[in-house]
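Engineer: Fold the following and give me the result.
(chains A and B)
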Amino acid sequence: AQKVTQAQTEISVVEKEDVTLDCVYETRDTTYYLFWYKQPPSGELVFLIRRNSFDEQNEISGRYSWNFQKSTSSFNFTITASQVVDSAVYFCALSEDYGGATNKLIFGTGTLLAVQP
Amino acid sequence: NAGVMQNPRHLVRRRGQEARLRCSPMKGHSHVYWYRQLPEEGLKFMVYLQKENIIDESGMPKERFSAEFPKEGPSILRIQQVVRGDSAAYFCASSIRGTYNEQFFGPGTRLTVL
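Structural biologist: Just a heads-up that it's a prediction; the model follows:
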């Protein structure tokens, strides 16, 4: 069964601290994609990253970095030197393929990050 | 290039009424997905459509809910005889192709059932 677990419901940090958001996934497929989305207080969903199952290289984009480890089925997200504007709910998601045409996203329950000034 | 558009942004209905949510995908995108976010929960997949076809409706409630994506015009998510439990944010996403492409989300429609 496919499943995404974000065990951290809420995290609170002080500005400039580093913070890591955990994501653990379950899938029976060998080909899949992992995503992170940000949902700020305004409510829209902002795409952050997509990673396919064959690419385990870590990725860095500014203050954001992602650590994908197939051995532990994890796709963790780190924000370096957090800022108040990073306050949002962050969702990890999984997309599988069973040979069909669908790529519906399976979302975790999200982690609410609060960055205090 | 305009993003995914959804309207209305907020919709209030009384129990028993019908709700119609509209989604215009990004230009050039022919794949549309609907997700529902109940209060304090993550997003749950409802339905996946291509132009004039429903590809996967495994997440749609069996009754009262329907979706379409006609050849011309926006995709419509229709909820008949709404109940309080339908109160949620409904998000539409679109992509260029089906498999593995990024889904770009609209701002959502927040449905409140009184």
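Engineer: what residues are up against B:Cys23?
Structural biologist: Contacts for B:Cys23 were tallied using CB atoms under 8 Å, 6 or more residues apart in numbering or on different chains; they are B:4-6, B:32, B:34, B:74-77, B:92, B:94, B:106. For every residue, glycine as well, the C-beta is placed using N, CA and C.
Engineer: again with A:Tyr25
Structural biologist: Contacts for A:Tyr25 were tallied using CB under 8 Å, 6+ apart; they are A:2-5, A:34, A:73-75, A:92, A:94.
Engineer: Could you report the neighbour count for B:Ser75?
Structural biologist: 22 (other CB atoms under 10 Å in any protein chain shown).
Engineer: can you check A:Leu34 too?
Structural biologist: Around A:Leu34 sit 22 other residues, with neighbours defined as other CB under 10 Å.
Engineer: Please apply the same query to the one 4 residues further on.
Structural biologist: Counted with other CB under 10 Å, residues neighbouring A:Lys38 total 17.
Engineer: Same question for B:Val12.
Structural biologist: 13.
Engineer: ok, now B:Glu102?
Structural biologist: Neighbours of B:Glu102 using other CB under 10 Å come to 16.
Engineer: try the one 4 residues further on
Structural biologist: Applying other CB under 10 Å, we find 25 residues neighbouring B:Gly106.
Engineer: A:Glu17 too?
Structural biologist: Burial of A:Glu17 is recorded as 13 neighbouring residues (other CB under 10 Å).
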